[in-house]
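missing the sequence, but the structure's below:
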């Protein structure tokens, strides 16, 4: 089903942006892990709306576990079901979109797919709100992986034409982000904030990229063909609304290189096989080679902007201009950073199991 992901670790997301609650069912999660509720709450807060440079919609995103934990707060082997109640919805903001769909949004395609029974409120099941349940599952996976020595980090690598420092492809370090903002370089963080604020003031939005790094996996994880590490990561990354691109290691730059430039020479470090460079991003033939996995995810600008845009009145079948109201992010990338980390953790743990 389209709302499910995983082979050994089954993750199913449910709910809509303005339904009473959204949530996730996680089946196959290892038993015996004491859930760190403080870590979970802090992780959820990074994605939550109502922050600076994001939608003004405020949601506490408090997680309620309905099953899967024992009396001591440990995972017990039963399917984990957790929900977040939607408390701050304004469905009236979306009433006109049933007739006049937003350009570059799912309003029109969901109508063709589901007819008038679709839920247009807040984007329904197509909303970025549904990344919150992914973050619940991802936070649990991140905690489990950390206990196994696997670390995952992400940062804003670019917004518009402003680029943050890149992760080092070779070493295992994951630099700490600038406090309160997911960039490595403090100066670049301020420039990115200015670009986003400028777009907001101009009733517009802006796109960008998130870069992620996974260390501590070792060699041999993954499979060739359809279950390669890149495949599994790409599949879950494209579940994040607004993702339009995915690249690993040197990414699309490899298309402009010679083989002698792109190949990663093998070497021995502390008795282990490593590579001198890491243009492959830690993956060969769909299988990890013990080097850091580094990849980037491209996000389009938020399609819901307040500037007048040409659309179509579906009732009268004529072109007309649409002015979108409601509460929307001027840049999805800011709140997408923890979502990319969460999705990475889900994919990695599923492969490890």
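Looks like it came in fine. Note that the coordinates shown come from a computational prediction; the quantities given were computed from them, not determined experimentally. Numbering: from 1, shown residues only.

for the chain, which segments are assigned as helices?
37-47, 107-114, 131-147, 186-201, 229-237, 259-262, 333-352 (DSSP state H).

for the ones you listed, give me CSV that also has distance to residue 75 and mean neighbour count.
To be clear about C-beta, it is placed using only N, CA and C from the backbone, and glycine gets the same treatment. Supplementary listing: those in CSV, determined by distance: least, CB to CB, whole Å; neighbours: other CB atoms under 10 Å:
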stretch, distance to residue 75, mean neighbour count
helix 37-47, 12, 16
helix 107-114, 35, 15
helix 131-147, 8, 24
helix 186-201, 36, 17
helix 229-237, 21, 21
helix 259-262, 42, 10
helix 333-352, 12, 25
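
same list (those) but as CSV, adding mean pLDDT.
CSV is the format used below for the helices of the chain (pLDDT from 0 to 100):
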stretch, mean pLDDT
helix 37-47, 95
helix 107-114, 87
helix 131-147, 97
helix 186-201, 95
helix 229-237, 98
helix 259-262, 97
helix 333-352, 97
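
any chance of the ones you listed in a markdown table with distance to residue 16 as columns?
Shown next, in a markdown table, are the helices of the chain (distance: least, CB to CB, whole Å):
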| stretch | distance to residue 16 |
| --- | --- |
| helix 37-47 | 17 |
| helix 107-114 | 11 |
| helix 131-147 | 11 |
| helix 186-201 | 26 |
| helix 229-237 | 20 |
| helix 259-262 | 44 |
| helix 333-352 | 18 |
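
of these, which approaches residue 305 most closely?
Among the helices of the chain, helix 186-201 comes nearest to residue 305, with 8.6 Å by CB to CB.

which strands and helices sit next to that closest one?
Applying 3 or more CB pairs under 8 Å, 6 or more residues apart in numbering; DSSP states H and E, we find helix 186-201 packed against strand 151-159, strand 162-163.

report the distance from it to the chain centre.
How far helix 186-201 lies from its chain's middle: 21 Å, per CA atoms, centre = their mean, to the nearest Å.

quick one: least confident helix or strand in this structure?
Lowest mean confidence among the helices and strands of the chain (mean pLDDT, DSSP states H and E): helix 107-114, at a mean of 87.

quick one: contacts of that helix?
When contacts are defined by CB atoms under 8 Å, 6 or more residues apart in numbering, helix 107-114 is touched by residues 97, 98, 101, 118, 120, 124, 126, 314.

buried ones from these, can you make that a ChimeraX selection?
A single ChimeraX command selects the buried members of those (16 or more other CB atoms under 10 Å):
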select :97,101,118,120,124,126
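
of all the contacts of helix 107-114, which comes closest to residue 293?
Nearest to residue 293 among those, counting by CB to CB, is residue 126 at 28.7 Å.

my read: residue 298 touches residue 242, true?
No: with contact defined as CB atoms under 8 Å, residue 298 does not reach residue 242; the gap is 9.2 Å.

now do the shared contacts for the two.
residue 207.

what is the burial count for the residue nearest to residue 26 when sequence neighbours are not counted?
Closest residue to residue 26 apart from its sequence neighbours, by CB to CB, 6 or more residues apart in numbering: residue 80 at 4.2 Å. The number of residues packed near residue 80 is 23, by other CB atoms under 10 Å.

picking that back up, now, of the helices and strands packed on helix 186-201, which is deepest in the fold?
Using mean count of other CB atoms under 10 Å, the stretch among these with the largest mean neighbour count is strand 151-159, at a mean of 24.

what helices and strands are in contact with it?
helix 131-147, helix 186-201, strand 208-215, helix 333-352.

how far is it from where the chain is centred?
Centre-to-centre, strand 151-159 and its host chain are 11 Å apart (CA atoms, centre = their mean).

ditto for stretch 302-315
Centre to centre, stretch against its chain (CA atoms, centre = their mean), the figure for stretch 302-315 is 25 Å.

now do the same end-to-end measure for that stretch.
From the first residue to the last, stretch 302-315 extends over 26 Å; the measure is CA to CA, to the nearest Å.

which parts of it are buried?
In stretch 302-315, counting by 16+ other CB under 10 Å, buried: 302, 303, 304, 305, 306, 309, 311, 312.

the residue nearest to residue 26: what's it in contact with?
24, 25, 26, 27, 29, 65, 67, 68, 69, 140.

please repeat the previous calculation with a cut-off of 10 Å.
By CB atoms under 10 Å, 6 or more residues apart in numbering, residue 80 lies in contact with 11, 24-29, 35, 65-69, 136-137, 140.

list only those of those flagged as buried.
11, 24-29, 35, 65, 68-69, 136-137, 140.

any chance of TSV for these, columns distance to residue 281?
Output for those, formatted as TSV (distance: CB to CB, whole Å):
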residue	distance to residue 281
11	24
24	28
25	31
26	27
27	30
28	27
29	27
35	31
65	35
68	34
69	36
136	27
137	24
140	26
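
closest to residue 353 among those residues?
residue 28 (6.7 Å).

done for today, thanks.
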